[in-house]
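Dropping the sequence and predicted coords here.
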Amino acid sequence: MWLYSNSRAFHRFLRGICLVVSILILLGCSTASKKGGGQRRHKKISYDDRDAVILYLNEGLRLHYAGNFKESNLNLEKAEAKMEDLYTESISKKAASLMINDYTTPYRGEDFENVMTNLFMSLNYIFLEKGDDALVEARKVDNKLNVINARYEPDKKNTYTEDAFVRLIMGLLYEAENEMNEAFVSYRKAEEIYDTYENLYGVPAPGILLAKLVNPTSAILFEDELKCYRDKYPHIKPVAIRQSSESGEVFFFHYNGLCPRKMEDALYVPMPDGYLFKIAVPRFKRRRYSIEKCEIVLRSKEGGKDYRIRTEVGEDIGSIAIQNLKNRMARIKAKAIARATAKYLATRAVGKVVKDEAGENWAWFVRSIMNFFATVTERADLRSCDILPDRIDVGHVEVPPGTYTVNINTQDASGNAIGHIHLPDIHVKAGQKRFVSFRTTR
């Protein structure tokens, strides 16, 4: 042993092991320290950055909330393009993620984040009054969800296969273009998907949708379906048929709360040979917020009349995120176990070589260093978009043409008043569908 431990070759061998392990530890620590990608950085976004998807997505959402819809779409388009590119990752990057952790590879976004990119691009075009472009982005959602699920094995499909809220938006856009048959088809499809939403996420079809389904102006060629929906939802009364010159519609989108944040769940398993086997996987944790509903009051500046509406849940992004991750958990765990196993086997193999060359003491030392490396670098990928809303709540009111003040009373789950929001006055034209958004995080 003395000859081996003092040989130049063996010293170079040990130094090489220590150097490689040290570099890997530093690399693993630097990547694992990024708990989530949502923190804003004061630097130019790099297209090649491992967190480029999050940076573009967060910037696009920030600009959307600020009302800069054109610039928002430029960033969201880059996020979408980057996500698509990352589905063809290099073999070397995959190998690095199998030996260190997923932070070594570019973040390509959760499935629901990919879909939300198109949803918010569609909303941007709505506020830019570009209905055709908004429809293009909305139509992409179904195709994108089909493509995403086609990448998974038949018995491992996601439950998030269709988006009810996007279908509702498509119906509103078709109706704005007076394409009533297409609008009714979209509303009908949205109602079917909301049945699934209610089972999965506890989100029933909002009243705004049901009112459209029982409204005779929305179903020119669907008399049988119209009767079916009126029988199914007897508590929803059809609105009186009005001429387009008599009224306009105002739709409110409330971006409520912040979407869940990823946390790590780690399992430590001591092996018989003293090795500490670690498996780490992510989970989404809800972030608390107190606003459950809003009462929106529109007051006519011409006549002083008030129009009051309450918001309802249209899209529960937080529940979709949680369920979407659960659907992929078996795949995530399988990869984490494979990575931890590879580290364990590598540690045993190196330990055996060192034991044969220098004895058990040196072998124990090298195995300990490599076990420390394996434990420190084994981290769940906690990157996600931090500023998506937890929910998108919707409200709808039909009003005569004119100018209106907009005041919002926020309420908790018990109906108690929390606060007050005043939005800029809005002008509603006859026959117009006017869209208004606001955001709260408290």
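On my side now, so go ahead. Numbering: from 1, shown residues only.

end to end, how far does stretch 410-425 reach?
One end of stretch 410-425 to the other measures 18 Å (C-alpha to C-alpha, to the nearest Å).

and for that stretch, what are the contacting residues?
Counting contacts by C-beta atoms under 8 Å, 6 or more residues apart in numbering, the residues outside stretch 410-425 that touch it are 290-295, 301, 403-409, 436, 438, 440, 442. The C-beta positions use only the backbone N, C-alpha and C, and glycine is treated the same way.

Narrow those to those in strands?
Residues from the contacts of stretch 410-425 lying in strands, with DSSP state E as the criterion: 293-295, 403-409, 436, 438, 440.

Derive a ChimeraX selection command for the buried subset of the contacts of stretch 410-425.
Selecting only the buried members of these in ChimeraX, with burial defined as 16 or more other C-beta atoms under 10 Å, works like this:
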select :291,292,293,294,295,404,406,408,409,436,438,440
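
How is Glu246 assigned, secondary-structure-wise?
Here Glu246 is recorded as coil under DSSP: H, G, I helix; E, B strand; the rest coil.

ok, it - how many residues close by?
Glu246 is surrounded by 13 other residues when neighbours are defined as other C-beta atoms under 10 Å.

cool, Glu179 as well?
Glu179 has 15 neighbours, counted by other C-beta under 10 Å.

swap in His427?
Count around His427 with other C-beta under 10 Å applied: 12.

Same question for the one 5 residues further on.
If you count neighbours by other C-beta under 10 Å, Gln432 ends up with 15.

which ones are touching the closest residue to it other than its chain neighbours?
Taking C-beta to C-beta, 6 or more residues apart in numbering as the measure, Gln432 lies nearest to Gly248, with 4.2 Å between them; neighbours along the chain are not counted. Gly248 sits next to Glu398, Val399, Pro400, Pro401, Val428, Lys429, Ala430, Gly431, Gln432, Lys433, Arg434 when contact means C-beta under 8 Å, 6+ apart.

how does it look with 6 Å?
Applying C-beta atoms under 6 Å, 6 or more residues apart in numbering, one finds that Gly248 lies in contact with Pro401, Val428, Lys429, Ala430, Gln432.

Which one (most neighbours) among these?
Neighbours here mean other C-beta under 10 Å. Within the contacts of Gly248, the largest count is held by Val428, at 22 neighbours.

Now for the ones in strands among the contacts of stretch 410-425: which two are most distant?
Lys293 and Thr403 (25.9 Å; C-beta to C-beta).

Return the set of buried residues in the top strand by length along the chain.
As far as residue count goes, and with DSSP E defining each element, the longest strand of the chain is strand 417-428. Counting neighbours by 16+ other C-beta under 10 Å, one finds that the buried residues in strand 417-428 are Ile421, Leu423, Ile426, Val428.
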